[in-house]
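# Here's a sequence, model it:
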Amino acid sequence: QVQLVESGGGLVQAGGSLRLSCAASGNIFTIAAINVMAWYRQAPGKQRDLVAEITSGGNTNYADPVKGRFTISRDNAGTKKTVYLQMNSLKSEDTAVYYCDVRLRSGRDYWGQGTQVVVSS
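Alright, predicted model coming up:
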């Protein structure tokens with residue numbers, strides 16, 4: 001079992017920055033089996049879309065709308081793994097609930113509870 005705790009959401013003006021964090025904890029063997037860590041977002045009335053993902057080897061993938069503005073990174077130290085999303089030059093269209101997702105090597109997914117990001121124009 002994996003517990004995910006997200007933080008860092010909030011209200012920011014357009015052009016501003018926010019940093020989201022998601023800490024994964026739980027059974028040490030399950031934590032060690034985490035492969036991909038990712039951020040998704042869901043705006044009202046829309047589907048949940050991938051924002052960015054990072055593999056255990058550090059390879060990253062970004063959705064086109066956030067390329068050049070968002071940076072995903074992860075900390076694998078110890079028995080807890082944390083993924084971050086640095087969001088710069090925020091736009092009103094970035095307003096959404098952001099969800100952390102971790103994917104084990106087995107393919108099983110765990111989701112965070114979501115953190116709200118509101119960008120005012």
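# What's opposite the spatially most central residue of the chain in the beta bridge?
Central residue of the chain (C-alpha atoms, centre = their mean): residue 39, 2.8 Å from the mean position. Counting by DSSP bridges, residue 39 forms beta bridges with residue 52, residue 100.
# Any buried residues in the helix or strand of the chain with the lowest mean pLDDT, and which?
Within the chain, no helix or strand scores below helix 28-32, which has a mean of 88 by mean pLDDT, DSSP states H and E. Across helix 28-32, burial judged by 16 or more other C-beta atoms under 10 Å covers 30, 31. Using the backbone N, CA and C atoms, a C-beta is placed for each residue, glycine as well.
# Pull the residues that contact that helix.
By C-beta atoms under 8 Å, 6 or more residues apart in numbering, the surrounding residues in contact with helix 28-32 are 1, 2, 24, 25, 79, 80, 81, 104.
# hmm, 6 Å instead?
The contact list for helix 28-32, computed with C-beta atoms under 6 Å, 6 or more residues apart in numbering, reads 2, 79, 81.
# Return the residues in contact with the residue nearest to the centre of the chain.
51, 52, 85, 98.
# pretty sure the third one contacts residue 20?
Which is residue 85. Yes - between residue 85 and residue 20 there is a contact at 4.3 Å, judged by C-beta atoms under 6 Å.
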